[in-house]
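Student: quick one: sequence and predicted model below, then my questions.
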Amino acid sequence: MNLVEIRSCLSSDLSLKLKLDGTTKPSSVLVVIYGLEPKILMTKKSEILKLHAGEISFPGGKWDEKDKDLLETAIRETREEINLEIKPEQIMGQLKPVTTRNSGYMITPFIAVIDNLSILKQNLEIDTILHIPLIPFLKTLADDKDPNHQSIEEMHTFNFKDYLVWGASARILKQIFDILKKIT
């Protein structure tokens, strides 16, 4: 599967209207897929963070009142976390929002499929930048219950080397898996 096929499958209309419901905190992430042999960009959060320390996630973060919408949030947070400049016109789709179970964030995932990356540099919030081969990674999907999260109905995990991806990030990946499995 190449970037053209992936771009075609993951393209969708964008819904930029911010919905504040008072029960969840709005946030957004960028799902960046790139390269001749498509890779997905993820990060390992720093252990010093109060929330989500050490977790594998997509670059992004919480909405700030200065942001005009959640797309601006995702682009700003990605630039701050890993020094990646993505322009709004490079966003070609979005997935259904997912909610973090412990911290109450409603995460809107936006998708950018680009040819290649510039040099990345993480800030203090990020421990490691991960460049993960997309298709082999998606094939590691497991629907086993995580012993630490028995109460979660929709629990998926993905593995890359020694990294376990679970929670909201895995639910985002599961959406990509479901869309792309139709053509693989």
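Tutor: Structure received. Residues are numbered from 1 along each chain as shown.
Student: so which helix or strand of this protein has the lowest pLDDT on average?
Tutor: strand 98-99 (a mean of 90; mean pLDDT, DSSP states H and E).
Student: heading C-terminal from that one, find the next helix or strand.
Tutor: Moving toward the C-terminus from strand 98-99, the next helix or strand (DSSP states H and E) is strand 105-114.
Student: please work out how many residues are found near Asn102.
Tutor: Asn102 sits with 10 neighbouring residues when counted by other Cβ atoms under 10 Å. (Each C-beta comes from the backbone N, C-alpha and C, glycine too.)
Student: ok, the one 4 residues further on next?
Tutor: Summarising burial for Met106: neighbours were counted as other Cβ under 10 Å, giving 20.
Student: for Thr78, see how far away it is.
Tutor: 18 Å (Cβ to Cβ, to the nearest Å).
Student: who are the contact partners of the residue nearest the centre of the chain?
Tutor: Geometric centre of the chain, nearest residue: Phe58, 3.4 Å, by Cα atoms, centre = their mean. By Cβ atoms under 8 Å, 6 or more residues apart in numbering, the contact list for Phe58 reads Val29, Leu30, Val31, Val32, Leu41, Met42, Thr43, Pro109, Ser169, Ile172.
Student: most neighbours out of the residues you listed, which is it?
Tutor: For the contacts of Phe58, counting by other Cβ under 10 Å, the largest number of neighbours falls to Val29: 28 neighbours.
Student: which residue, other than its chain neighbours, is closest to that one?
Tutor: Distances taken as Cβ to Cβ, 6 or more residues apart in numbering place Gly60 nearest to Val29, at 3.0 Å, with adjacent residues excluded.
Student: again, but for Lys62
Tutor: Spatially, and ignoring its direct neighbours in sequence, Lys62 is nearest to Ser27 (4.4 Å; Cβ to Cβ, 6+ apart).
Student: the one you found contacts Asp64, doesn't it?
Tutor: No: counting by Cβ atoms under 8 Å, Ser27 stays clear of Asp64, with 10.0 Å between them.
Student: which one of the two is surrounded by more residues?
Tutor: Set Ser27 next to Asp64 and count neighbours by other Cβ under 10 Å: Ser27 wins out with 23 against 11.
Student: and for Ser118, the neighbour number?
Tutor: 9.
Student: now the strands for the protein?
Tutor: Using DSSP state E, the strands of the chain run over 25-34, 39-45, 56-57, 60-62, 91-94, 98-99, 105-114, 126-133, 158-160, 163-165.
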